[in-house]
Structures are given as structure tokens and as C-alpha cells.
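Novice: Model the following, please.
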Amino acid sequence: MRRIGMAAAVGAVGLMTLSGCTTVETAPPDTRSTSTVQQPVQNEPSDTTSGESSDSNGSSSGGTAAGGAANDGSSGGATVAACSAANITPTLGDISPSDVQITVPLRYTNSGSVPCNVTGFPGATLRGPDVDGLGPEYDLARGETVPSTTITLEPGVAAVADLTLGTVNKNDERAWIPTAFLTTAPGDTTVMTLSFPATVGVQRQDGATHPASYIGAFSGPVD
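Specialist: Alright, predicted model coming up:
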């Protein structure tokens, strides 16, 4: 009986030992399980991602607002386009035969239906025969006049630039007889052609520092 009792006692101790080992081994899974449960808490910065999305939407909204502001400016008529060949009618004053320097007005009249702006100098070129290999065109220099500020031309209103010509008698050996006057509006490349009297000779001075013929800056507006 004592042996049976001792065996029973040893068995009980063995069970208690095994029971203690089981408790230690199962503790780590519980800890890992707890760590896993806390992961969503660590992912709370996902709210920041939502905030970045809002910022992105805000940027898009800002771009739309900027575009709207530009549209409001143009729709309000605040911007006046530059005058061009499409809405300008150029005319030259009378050019009479002479053997001295003369000045004639070059008028730019707004022939369009809306206002337009001119500033600075018009392009000015005389076209005629190719003599001495100089070519058929004589580009006139700009005068020393300080360019005016922007001039707004209402429909039917003009700006004027003085065209100064170093004329000579057409029978003079220095005479070059132009056949046309070419002009371009500031910033425009479309050439507008006007007739030039065949009775007037011009002293051609390509490359001269102070030529007798030149174009002045716009002034105005004038009716």
C-alpha cells in the first residue's frame, strides 16, 4: 500500500510539473496575440493619408480657382490686344518731290470693332530697284525719339509715327526711286504695303550711323 501511495504521490508531482510547463509555453502565443491586436493602433497614421488626399483635392481646387480668375479677367474686357494688320489701316501723308529732308505722317487707324494697343515704333521699309547690289529693300532706322507709353486706339482712332525721308531730285546720281513703302505693326510680322510716288528720289544710306531717312515712334491717339 505504501508503494502504491508513493507512486500516486510521484504521479501527482509529475502532473504538476507538466502543468507548469504548459503554462510557460502558451504564454508567448498570448503575447504575440496581444501584439497583433495592437497593430491597428499603430496604423493610426492612415488618418494622415486621408489628410493628404484632402490636400490633393485642395490643390486641384486651387488650380481651378486660378483658371477662373484668369477667365474673369479676360471676360471682363480688361485685356486689350495689340494692333495688327488684321485691324489696322495704314496711310501715308503726301510725299512731294524735293531735294531736302522731309517728314510725312504714317497713320495707323484702328479699322476694327474693338480697341487695340500700339507702342514703340512701326516697321518701315522702302522697296525699289536693286542698285549696286544693295538689294531691293531699304530698312529704315529708328529715330532717337523715346518710345511712347502704350496707346489705346478705339475703333476709328489713329496713332501717328513721323516718317522722315532724305529726298533728292530724282535726276540726281544719288537718287534711288522707291516703288512701295512697307510697314509692320509692332510685334506683328504681316507686311502692309503702300504705294510710293515714283517722282520722289531717296538718298539710300544703308548702314549709316545717322541716316537721313528714319521712322519715329508712335504718338497719339488722334482722330
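
Novice: Just list what the helix or strand encompassing residue 107 packs against, helices and strands only.
Specialist: Secondary structure assignment for residue 107, by DSSP states H and E: strand 101-110. In terms of contacts (3 or more Cβ pairs under 8 Å, 6 or more residues apart in numbering; DSSP states H and E), strand 101-110 is packed against strand 88-92, strand 151-153, strand 158-168, strand 214-222. Heads up, the C-betas are built off the backbone N, CA and C, glycines and all.

Novice: any idea where the helices of this protein begin and end?
Specialist: 2-42, 46-75 (DSSP state H).

Novice: If I average pLDDT within each of those helices, which one is lowest?
Specialist: Across these, helix 46-75 has the smallest mean pLDDT, namely a mean of 36.

Novice: quick one: the closest residue in space to residue 175 that isn't next to it in sequence from residue 181, how far?
Specialist: Nearest non-adjacent residue to residue 175, counting by Cβ to Cβ, 6 or more residues apart in numbering: residue 201, 2.9 Å away. According to Cβ to Cβ, to the nearest Å, residue 201 stands 14 Å off from residue 181.

Novice: want to try JSON lines for the helices and strands packed on strand 101-110, with distance to residue 193 as columns?
Specialist: Shown next, in JSON lines, are those (distance: least, Cβ to Cβ, whole Å):
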{"stretch": "strand 88-92", "distance to residue 193": "9"}
{"stretch": "strand 151-153", "distance to residue 193": "21"}
{"stretch": "strand 158-168", "distance to residue 193": "15"}
{"stretch": "strand 214-222", "distance to residue 193": "16"}
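
Novice: Quick one: these as CSV, columns for mean pLDDT and distance to residue 137 too.
Specialist: Compiled in CSV, the helices and strands packed on strand 101-110 are given as follows (pLDDT from 0 to 100; distance: least, Cβ to Cβ, whole Å):
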stretch, mean pLDDT, distance to residue 137
strand 88-92, 98, 17
strand 151-153, 97, 27
strand 158-168, 96, 15
strand 214-222, 95, 14
